[in-house]
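>>> Have a look at this prediction, sequence included:
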Amino acid sequence: MASPTSRNVSGGRSDLYELERLAEELAARELSGTSGGEHSAIRSRACQYMFRCLMTTNFWPLRQLRTELREYLACLKEELVLLINDDYEDFISLSTDLRGEGVRLGRLKAPLSSLREQMQASRQSLQSIQNAIQAKLDARSKLREEKALLHLLLKISESVTRLESLLLISQTNVPNHVEMPPSHLSGLPDLNSGVKTRGSRGKHLSRVATEYTQLLYHVSKARAENCAYVEEIRWSIDRIRDNLTSDLDHLFSVTLLALTETGDGKVSELERAKVVTDLTECLRVYDVLGLWRVAEDIINRNVVQPFVRKTIHPDALAAPHSPIIPHTPIPPLSGRVASRALPPRTPYTPYTAFSSKQNSFDAKYETASSSIPFLDESEDALAKLFNQILRFVARDLGRILEIAEHVSVKSTPARLDPTSIAASPSRFEAEIHAREGFDIMANVIWPAIGQAIMDELGFVVFAAGKPDEFLKRHATTQAFIRALEFIAPSIESVQAMRSHPVFVAFNRRWQLPIYFQLRWKDIVGKLEDCLTAVTLNPDSINSDPGQSAFLTPQAENIWASIGSCWSAEVFIPDLAYRFWRLTLQLLSRYKTWLEASLPLTEPPTKPTLSTDKPRSSTSQAVSEPAPENSAADDLLLKQYAVALVDINVMTSQITALWREEISLVLPEFTMDQDIYTDPEAALQEQLDSLGSIAVHLTKQIASLLARWACDALLPVRAIPSQFRAMSSKRVPTEASYFVPLILRPVKAFFGVGGPSVAGDRLRDSLLKESATEVFDSVCQRYIQYLTAMKKTEESLRRLKKGKKSTLGIFGSASTSKDDDRDEERIRTQMIIDVGVFGEDGKSLGVDVPLVESYVQLTHMVHNEFVDDNNQE
């Protein structure tokens, strides 16, 4: 039995293996009448579960396991006895209570078969009735659908009849329909007499268009039902459509011509408002019918093309232009003064045409047209031509653009890639026809004007032989395009215009690579003529800071060349990357010229002590550097200073130019390009290369100044001999004559107390650093000299001690006193000299207490010499 081995109850211990749950499940199955096979299966599962539980307790000792199992068996026996005792009566009466139940169940089973047969018969009867009802309902539904279809066909027939009566298709002799020739054929002899007729005709066509739209809706529903009647009346629907579009095209053409002819003052404002109302109705009908391209074609044929043929022709730039509408003058764009001494002017940045525009359809047309940015046409035939086009667009097409934008409910067109447009123009044509809504600027105005300019004036406008004139024409044309974009009613219209194949082809006609080559030849040619000098001449520097920030003409020409690349007289935004590459090349060329013109040698780390120079008892006997070497070092120092000034100015000017101009006009990089280079990183790399030369020059300057300062320190070695040779034994109170001369080269170089062209500009950035380095070098050399002097004095003392034994009693005491007095005066002079030298360094901005070598020098002159004398 599984129950004795499927529970684990010991002293309130928790049921770890769910044995109680298994026992309860077994008891429930036994009480519910579970078969013996099920009991055996339950016992088998309980045994398997108990076996797994025993396997998991393999770490228990066998004695403990036996004790646990015996306790569990006793508990199970006790529970079994309690169960039998509690339910003993039920166990005994269970067999007697079920006696006779089988007979009663048999009697209940007898009438069930007849009941089942009756229910099946009833179900069949109800199903037949339901099928009959469903058949009737299907028949009625079919009749209802046929009735609805019949009503739909009747509506279609009535709509066709109504439209034919509205369009007077069956009446061929109606004057109102036939005797309305287009105004451009009749010359519009009496404009006032036709205003009322056109107004009623516009509303009439609007009603016809609404009815025709309903007809198309009903026809589409009937065609979905495969009605043969729709195919039979198809010719009538086509005739209605042809008549409707013909009448609409006729009325629209007449209205357009009437609107363009009202600008001469012959028609009153009331009549002009009626014409605008008719135009609005016509455009609304075109929008309802989805005939946007048809309306655009009529505008192009009746309004735009006549003006383009009359205005844009090969002799248009030489012919006089009569103004259409007076325009507001604006400051001329060409009045710029270029100066090499001044920083380049910021290139002309196109304004945003939508931020300040009042695009309200309720505003007066005159107010909107007065804000159009016309071009400066003083002595510029191309600007005059473009202004004439702008006046035409503003006067004759401005109101049409606004009305078309107002009545057309269109989705935002997707912008196309100009590269894909150029590769497949047919794709863009299909996109235009599939696009919903009017787009007169992109599909009518710009294609006609742009194509005419390319065909009739391309040989003049796009000629790149003369760079200045080419730049002027390019700037004028771009301003004209921006003015057209300003007139455009929406940003979507501008985007569609820029994506048009004519716009892409127009931009490709500009011979920008040729223009850049001409500018490159002009800029680089002049610069190379200046860089032919391979030696930097300090005598030819520019000493006037107000005239130029650079000292050498080469640096000035480099800066002027870079500035000209980004000036308004040269720069074109489409060539931004080419001019950027030229800027980097010019900086690299300046670096190459500096390396070739300057003798850049490695400076020594620290000045070394010259031990081969003989000492003398007088300052006049101190060895001096050769005159030719001094002149060469002076020339090198001037060259280094001039080059360093120019490098610093070049770096600051280029950084400011990048921050204020170049970074604003360079287009943004995209990471999907083949080679990605950050422009700012490339510029910083070039400036770092110049900075490395500047660091090297700074070290060279500090090395030369330190050498001269150490040469001025040479007389310190003759101080002991001078004091011993002096007849006067007074204590010194002033510094030696050479101490003020030590740092004089630093003062002279940086213009401290005197003029210096290059040093004055380097004083703020380089004086403290260079003076500190020179001061440290001199202190180290000073320490070397004092150490050598100390060793010499010790040798003299030992020599004198050896001679004391040979001296007599005469003069020995006085000689010793004189030697001690001389050493005291030498030490005092040393202390005074070091103090004055430190004060001189402080005057140059040196943090004297922070210079370790000076602290060591001060300690040496104050302590070491005293200690040596005390030891004596």
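Structure's in. What do you need?

>>> Just want the most central residue of the protein.
residue 668 (5.3 Å; CA atoms, centre = their mean).

>>> May I have the secondary structure class of it?
coil (DSSP: H, G, I helix; E, B strand; the rest coil).

>>> any idea how far residue 576 is from it?
11 Å (CB to CB, to the nearest Å). Where you see a C-beta, it was placed from the backbone N, CA and C, and this is true even at glycine.

>>> Repeat that for residue 127.
85 Å.

>>> same question, residue 753
49 Å.

>>> of the two, who's got more company?
residue 576 (18 against 10; other CB atoms under 10 Å).

>>> so residue 260 touches residue 396, yeah?
Yes. Residue 260 is within contact range of residue 396, at 4.8 Å (criterion: CB atoms under 8 Å).

>>> shared neighbours of the two, anything?
Contact with both residue 260 and residue 396 is made by residues residue 303, according to CB atoms under 8 Å, 6 or more residues apart in numbering.

>>> Would you map the strands across the stretch 601-750 of the chain?
Counting by DSSP state E, counting those that start in this stretch, the stretch 601-750 of the chain has no strands to list.

>>> Any stretches of it with poor pLDDT?
Within the stretch 601-750 of the chain, the segments meeting pLDDT under 70 span 601-629, 669-676, 727-729.

>>> now with 80?
Flagging of the stretch 601-750 of the chain using pLDDT under 80 yields the residue ranges 601-631, 668-677, 720-732.

>>> who are the neighbours in contact with residue 380?
Contact analysis of residue 380 by CB under 8 Å, 6+ apart lists 472, 476.

>>> For it, give its distance to residue 474.
13 Å.

>>> Same question for residue 580.
Counting by CB to CB - residue 580 and residue 474 are separated by 19 Å.

>>> next one: residue 656
27 Å.

>>> So between those two, which is more surrounded?
Set residue 656 next to residue 474 and count neighbours by other CB under 10 Å: residue 474 wins out with 20 against 11.

>>> got the buried residues for the helix or strand that contains that one?
Using DSSP states H and E, residue 474 sits in helix 467-487. Neighbour-count burial for helix 467-487, counted by 16 or more other CB atoms under 10 Å, picks out 467, 470-487.

>>> what do you get for stretch 454-471?
Buried residues in stretch 454-471, defined by neighbour count with 16+ other CB under 10 Å: 454, 456-457, 461-462, 464, 467, 470-471.

>>> In stretch 745-764, which residues are buried?
745-752, 756-759, 761-763.

>>> Restrict it to CA atoms and write it as CSV.
Provided in CSV are the C-alpha atoms of stretch 745-764 (Å, rounded to 0.1, in the frame of the first residue of the first chain):
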residue,chain,number,x,y,z
PRO,A,745,68.5,90.3,-23.4
VAL,A,746,65.1,89.2,-22.1
LYS,A,747,64.1,92.8,-21.5
ALA,A,748,65.3,93.9,-24.8
PHE,A,749,63.6,91.0,-26.7
PHE,A,750,60.2,91.6,-25.1
GLY,A,751,60.5,95.4,-25.2
VAL,A,752,60.6,96.0,-21.5
GLY,A,753,61.8,99.5,-21.2
GLY,A,754,62.3,99.9,-24.9
PRO,A,755,60.7,99.3,-28.3
SER,A,756,60.4,95.9,-29.9
VAL,A,757,58.1,95.1,-32.8
ALA,A,758,57.8,91.4,-32.2
GLY,A,759,58.5,91.3,-28.5
ASP,A,760,55.6,93.7,-27.7
ARG,A,761,53.1,91.2,-29.2
LEU,A,762,54.7,88.3,-27.4
ARG,A,763,55.0,89.9,-24.1
ASP,A,764,51.6,89.0,-22.6
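
>>> That stretch: how far from the chain's middle?
In terms of CA atoms, centre = their mean, to the nearest Å, the centre of stretch 745-764 is found 45 Å from the chain centre.

>>> Name the surrounding residues that touch it.
541, 543, 545, 551, 637-638, 641-642, 644-645, 648-649, 701, 705, 708-709, 712, 766-767, 770-771, 774, 843-844.

>>> what's the next secondary structure element after the helix or strand hosting residue 388?
If you go by DSSP H and E, residue 388 is part of helix 381-392. Using DSSP H and E, the helix or strand that follows helix 381-392 towards the C-terminus is helix 398-407.

>>> Tell me what angle that next one forms with helix 381-392.
Counting by axes from the mean of the first three to the mean of the last three CA atoms, to 10 degrees, helix 398-407 lies at 50 degrees to helix 381-392.

>>> List the buried residues in helix 398-407.
398-405, 407.

>>> What about residue 521, how many residues nearby?
11.

>>> residue boundaries of the helices in the stretch 751-872 of the chain?
757-804, 812-843, 852-859, 865-871 (DSSP state H, counting those that start in this stretch).

>>> Make a markdown table from the ones you listed and add distance to residue 597 to it.
Shown next, in a markdown table, are these (distance: least, CB to CB, whole Å):
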| stretch | distance to residue 597 |
| --- | --- |
| helix 757-804 | 16 |
| helix 812-843 | 34 |
| helix 852-859 | 35 |
| helix 865-871 | 50 |
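
>>> Going by neighbour count, list what's buried in the host helix or strand of residue 448.
Using DSSP H and E, residue 448 falls within helix 446-456. Buried residues in helix 446-456, counted by 16+ other CB under 10 Å: 446-454, 456.

>>> immediately after that helix, which helix or strand?
helix 458-461.

>>> would you list the helices of the stretch 751-872 of the chain in a markdown table and tack on distance to residue 277 and mean pLDDT?
Shown next, in a markdown table, are the helices of the stretch 751-872 of the chain (distance: least, CB to CB, whole Å; pLDDT from 0 to 100):
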| stretch | distance to residue 277 | mean pLDDT |
| --- | --- | --- |
| helix 757-804 | 74 | 81 |
| helix 812-843 | 90 | 77 |
| helix 852-859 | 95 | 88 |
| helix 865-871 | 113 | 50 |
